[in-house]
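Task: produce atomic coordinates for the following.
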Amino acid sequence: MTNLLRSYFCAVSVIAVALAACDDGLPTVKRALEMAGDNRPELEKVLEHYRQDPADSLKYRAAEYLIRYMPYHTSYPAKPYYAYCDALDSLFSSATEGDELLEKTNAIAAGFGRQLKLSYDIRVIGADYLIWNIDYSFGLWRTLNYLRHLRFEEFCEYVLPYKCAEKQPLDTWKRDWRDYGRGELDHIGQIRDYKYNARRAAEAVNFQFQDSVKMRRVKDAKLIEVLRLNTLAKQPYGDCRDRSRFGLLNCRSKGIPVAFDFTPNWPDRSGGHYWNIVLATKRRNVDYEPFRSYPGSYHYTDNGLAKVFRETYAPHPLLLEALEREGSLPASLSYLFMQDVTGEYGRTVDISVPLFRERLRTKYAYLAVFDNSKWVPVDIGRIRRNRASFASVGRDILYLVVGFRDGETVPMSEPFIVDSRGDVSYPRADTTRLGSIRLDRKFPAFTHIYSIRKYLQRGRIQAADNPDFRGAKTVAEFPEWNLLAGETAPSDTLPYRYWRLMSSSEKSTDFAELYFYEKGTGQQITGTLLSSGAAVRNPNYDTPGHISDNDPITYFAVQDSTRWVGFDFGKPVSLETIAYIRRGDGNTICPGDEYELHYWQDGGWKLHDRKKAERIYVDFDSVPLGGLYYVKGISRGEQNRTFLYENGEVVWY
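Presented below is the predicted three-dimensional model:
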């Protein structure tokens with residue numbers, strides 16, 4: 001749970017519990033006015049302002065909308081918050097990237113932390129400000145061509161709110177940033193095809209910063225979230241959340257109907273993801289990630305999504321209800337202001353899951369996915385007749401229903417898979433039916449490996465009786481199709497002292513590790529490193545010694561006879577097998593590393609065995625078949641994964 005979420009969650013929890021004591025918990029204008037305390041006259045002034053003229057009936061409804069959901073929102077005080085942003089601006093303008101910059105930004109955040117205390121909007125917002133915001137927003141809706149397709153309900157979520165990010169100070173940001181970073185927005189209004197096109201409007205302002213804003217990902221940042229547009233543009237670090245926050249602030253300040261979508265956790269790896277979406281004028285809504293893609297381009301099109309939410313001004317009704325009645329929510333679902341939009345991103349299905357008879361006593365259940373080490377809730381559902389119901393669930397994904405109490409998740413169902421047809425199945429380990437499982441990876445290979453495929457093809461092994469490889473014989477060719485790892489038997493079993501790895505053509509080929517196994521004994525043998533002496537391209541990753549450093553992340557690029565790497569075994573040796581690991585993500589099974597195999601049984605993971613790999617695969621025997629399995633690397637890395645084993649093949653989930 002991040003510091004940002006923790007401070008927000010604590011603030012909202014207090015007011016939610018107070019609201020729960022009032023009545024049935026439904027957000028109403030009446031409840032909001034009661035929670036306003038001494039600030040109630042300011043809100044009543046807004047309502048009275050629009051009640052007087054029948055022509056303002058729609059504005060009156062808009063005012064009711066903002067006030068109804070206002071009690072759950074908080075903001076930073078503008079003066080100290082912008083002083084914090086000014087301090088960051090000064091630092092970003094003079095400092096270079098690196099750890100020193102991160103230390104200084106952390107120090108600035110720590111220095112301002114005491115001044116930046118959150119206030120409930122309902123208790124501090126002024127009537128004049130709220131009236132200005134409503135009038136200004138209606139002016140945008142009625143004059144901007146790319147907003148004319150929005151219904152009133154959409155206008156209330158994507159144009160009307162006085163803030164587009166939680167904790168954002170209460171100020172005239174819409175007007176103040178209107179002329180900042182407009183790009184070609186004013187140009188496209190002259191073209192008939194673009195004039196009324198919201199996607200083109202978002203594209204125009206996004207291109208303005210496509211090459212100028214550079215955000216690199218960093219760890220250990222202890223920052224107060226930056227919500228000022230020009231400061232975000234200078235910020236040299238950040239992740240998809242920061243990029244998408246920038247895109248949202250920039251577009252909303254121009255009245256462009258852009259939203260902030262996210263998935264709490266990927267269904268097949270750790271972590272979540274954030275991006276923007278445009279409420280398109282003509283076709284479906286279009287998603288993109290600022291500085292990485294533009295509206296309508298490729299953006300994780302092939303990735304599975306268990307659940308997707310859109311940040312909104314109105315809170316999620318069921319999360320709000322659960323918070324008010326039970327007092328807490330899982331960290332992954334602790335942000336209240338969102339709605340489920342999973343159906344916009346792919347094929348979904350509604351499911352009803354039977355729960356354990358002996359389970360946590362609660363009215364709410366959470367749908368969880370596995371994040372490499374634990375189950376992470378990604379949706380909330382109701383429990384009726386000992387079944388948990390969830391709507392619009394992503395397909396071809398492994399799930400578990402959990403309860404939440406005292407900060408911990410507790411399994412309330414067996415793990416299950418919603419397949420690509422929407423059918424639900426429950427893998428169960430059969431302890432009466434045993435078999436063997438062979439693993440050559442501990443984590444699935446993703447697209448970043450495929451993206452470098454031209455460097456991962458073929459390769460050959462030559463053997464000779466002299467160190468300069470005169471008259472060398474090619475004894476093995478590695479296949480073009482195998483992008484990961486493999487092994488092959490040499491075509492010549494005669495003994496040779498010198499062996500080397502080369503590319504199969506003039507093109508470069510990258511290898512991480514190379515292993516030799518002696519004929520007769522099957523034992524791995526090592527020799528003295530040899531190389532062509534070519535210049536080192538990258539001392540951190542691309543040097544000859546990396547071919548035998550027992551690190552699958554480092555590699556060496558071989559290229560015909562100019563860049564090769566080999567071994568002197570000290571005497572002629574005959575080989576039984578040659579194994580290789582290509583450049584990759586470090587998740588190939590590595591000889592000498594230890595691995596654990598677990599299977600799910602009786603509500604938890606059960607350790608089956610722990611083994612040291614002797615080859616580029618590891619075999620586990622006497623495994624209960626038909627179950628859900630989890631492989632965990634002990635020696636290195638954090639990426640470990642769940643899988644099924646069907647017909648001798650690993651099926652990752």
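
going forward, measure contacts and count neighbours with C-alpha atoms only.
Noted.

can you list the domain ranges for the chain.
According to automatic domain parsing, the chain comprises the domains 317-426, 432-445+590-652, 448-582.

can you list these in JSON lines and add distance to K45 and mean pLDDT?
Converted to JSON lines, the domains of the chain look like this (distance: least, CA to CA, whole Å; pLDDT from 0 to 100):
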{"stretch": "domain 317-426", "distance to K45": "26", "mean pLDDT": "97"}
{"stretch": "domain 432-445+590-652", "distance to K45": "56", "mean pLDDT": "98"}
{"stretch": "domain 448-582", "distance to K45": "56", "mean pLDDT": "95"}
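
Format these as TSV; extra columns: distance to E44 and mean neighbour count.
Formatted as TSV, these follow (distance: least, CA to CA, whole Å; neighbours: other CA atoms under 10 Å):
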stretch	distance to E44	mean neighbour count
domain 317-426	24	19
domain 432-445+590-652	54	18
domain 448-582	56	18
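
can you list these in CSV and add distance to R310?
Below are the domains of the chain laid out as CSV (distance: least, CA to CA, whole Å):
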stretch, distance to R310
domain 317-426, 5
domain 432-445+590-652, 28
domain 448-582, 27
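
list the buried ones in the one helix or strand L140 maps to?
Assigned by DSSP states H and E, L140 belongs to helix 127-143. For helix 127-143, the neighbour count (16 or more other CA atoms under 10 Å) marks 127, 130-131, 133-134, 136-138, 140-141 as buried.

Among these, find me the one that's closest to W173.
Checking those against W173 by CA to CA gives N133 as the nearest, at 9.8 Å.

Contacts only, for that closest one.
160-162, 172 (CA atoms under 8 Å, 6 or more residues apart in numbering).

Go again with 7 Å.
Residues counted as contacts of N133 (CA atoms under 7 Å, 6 or more residues apart in numbering) are Y162.

the helices in the stretch 101-250 of the chain, which residues?
Per DSSP state H, counting those that start in this stretch, the stretch 101-250 of the chain carries helices over the ranges 121-124, 127-143, 152-158, 173-176, 185-188, 192-195, 198-207, 229-234, 240-252.

Could you single out the most deeply buried of these?
Comparing the helices of the stretch 101-250 of the chain by mean neighbour count (mean count of other CA atoms under 10 Å), helix 198-207 ranks first with a mean of 26.

Run the angle between that helix and helix 240-252 for me.
Relative orientation of helix 198-207 versus helix 240-252 (axes from the mean of the first three to the mean of the last three CA atoms, to 10 degrees): 120 degrees.

rewinding a little: now render the buried residues of helix 127-143 as CSV, adding pLDDT and distance to L483.
Below are the buried residues of helix 127-143 laid out as CSV (pLDDT from 0 to 100; distance: CA to CA, whole Å):
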residue, pLDDT, distance to L483
A127, 99, 63
L130, 99, 59
I131, 99, 61
N133, 99, 56
I134, 99, 57
Y136, 98, 57
S137, 99, 54
F138, 98, 56
L140, 98, 53
W141, 98, 53
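
And for A322, nearest residue in space, chain neighbours not counted?
Nearest residue to A322 in three dimensions, chain neighbours excluded: Y364, at 7.0 Å (CA to CA, 6 or more residues apart in numbering).

Distance check, the spatially closest residue to G37 that is not a sequence neighbour against R61.
Closest residue to G37 apart from its sequence neighbours, by CA to CA, 6+ apart: R123 at 6.5 Å. Separation of R123 from R61 (CA to CA, to the nearest Å) stands at 21 Å.

where does W481 fall, helix, sheet strand or coil?
Three-state assignment for W481 (DSSP: H, G, I helix; E, B strand; the rest coil): coil.

who touches it in this structure?
W481 neighbours (CA under 7 Å, 6+ apart): Q457.

could you dump the buried residues of helix 127-143 to JSON lines with distance to R40?
Conversion of the buried residues of helix 127-143 to JSON lines gives the following (distance: CA to CA, whole Å):
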{"residue": "A127", "distance to R40": "10"}
{"residue": "L130", "distance to R40": "13"}
{"residue": "I131", "distance to R40": "15"}
{"residue": "N133", "distance to R40": "18"}
{"residue": "I134", "distance to R40": "18"}
{"residue": "Y136", "distance to R40": "23"}
{"residue": "S137", "distance to R40": "23"}
{"residue": "F138", "distance to R40": "24"}
{"residue": "L140", "distance to R40": "28"}
{"residue": "W141", "distance to R40": "28"}
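
From the contact counts, what lies against the helix or strand harbouring R438?
Element membership of R438, judged by DSSP H and E, is strand 430-439. In terms of contacts (3 or more CA pairs under 7 Å, 6 or more residues apart in numbering; DSSP states H and E), strand 430-439 is packed against strand 618-625.

What helices and strands are in contact with the strand it packs on?
Looks like strand 618-625 contacts strand 430-439 (3+ CA pairs under 7 Å, 6+ apart).

8 Å instead?
Counting contacts by 3 or more CA pairs under 8 Å, 6 or more residues apart in numbering; DSSP states H and E, strand 618-625 packs against strand 430-439, strand 604-612.

Distance check, A535 against I553.
Separation of A535 from I553 (CA to CA) stands at 20 Å.

Oh, that last question was meant for V393, not what I typed.
Distance from V393 to I553, counting by CA to CA: 36 Å.

Could you pull up the residues touching K519?
Per CA under 8 Å, 6+ apart, neighbours of K519: 574-577.

buried set for stretch 295-306?
295-296, 299, 304-306.

how about the CA coordinates for it, as CSV?
Coordinates of each C-alpha in stretch 295-306 appear next as CSV, following Å, rounded to 0.1, in the frame of the first residue of the first chain:
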residue,chain,number,x,y,z
PRO,A,295,-4.8,7.8,-29.0
GLY,A,296,-5.7,5.0,-31.3
SER,A,297,-2.3,3.3,-31.5
TYR,A,298,-1.3,-0.1,-30.1
HIS,A,299,-1.5,-0.2,-26.3
TYR,A,300,-1.3,-3.6,-24.6
THR,A,301,-3.8,-5.0,-27.1
ASP,A,302,-2.9,-8.6,-26.5
ASN,A,303,-2.7,-8.5,-22.7
GLY,A,304,-5.3,-10.1,-20.5
LEU,A,305,-7.3,-7.9,-18.1
ALA,A,306,-9.1,-9.3,-15.1
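
Distance from that stretch to the middle of the chain?
12 Å (CA atoms, centre = their mean, to the nearest Å).

Contacts made by it with the rest, please.
199-200, 202-203, 263, 265-268, 277-278, 286-289, 293, 342, 345-346, 369, 378, 393-397.

can you check stretch 535-548 too?
With CA under 8 Å, 6+ apart, stretch 535-548 has contacts from 511-515, 529, 531, 553-557, 564-565.

can you put those residues in JSON lines and add distance to W605 and secondary structure?
Formatted as JSON lines, the contacts of stretch 535-548 follow (distance: CA to CA, whole Å; DSSP: H, G, I helix; E, B strand; the rest coil):
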{"residue": "F511", "distance to W605": "35", "secondary structure": "strand"}
{"residue": "A512", "distance to W605": "33", "secondary structure": "strand"}
{"residue": "E513", "distance to W605": "32", "secondary structure": "strand"}
{"residue": "L514", "distance to W605": "34", "secondary structure": "strand"}
{"residue": "Y515", "distance to W605": "34", "secondary structure": "strand"}
{"residue": "L529", "distance to W605": "43", "secondary structure": "strand"}
{"residue": "S531", "distance to W605": "47", "secondary structure": "strand"}
{"residue": "I553", "distance to W605": "29", "secondary structure": "coil"}
{"residue": "T554", "distance to W605": "33", "secondary structure": "coil"}
{"residue": "Y555", "distance to W605": "35", "secondary structure": "strand"}
{"residue": "F556", "distance to W605": "38", "secondary structure": "strand"}
{"residue": "A557", "distance to W605": "41", "secondary structure": "strand"}
{"residue": "W564", "distance to W605": "45", "secondary structure": "coil"}
{"residue": "V565", "distance to W605": "43", "secondary structure": "strand"}
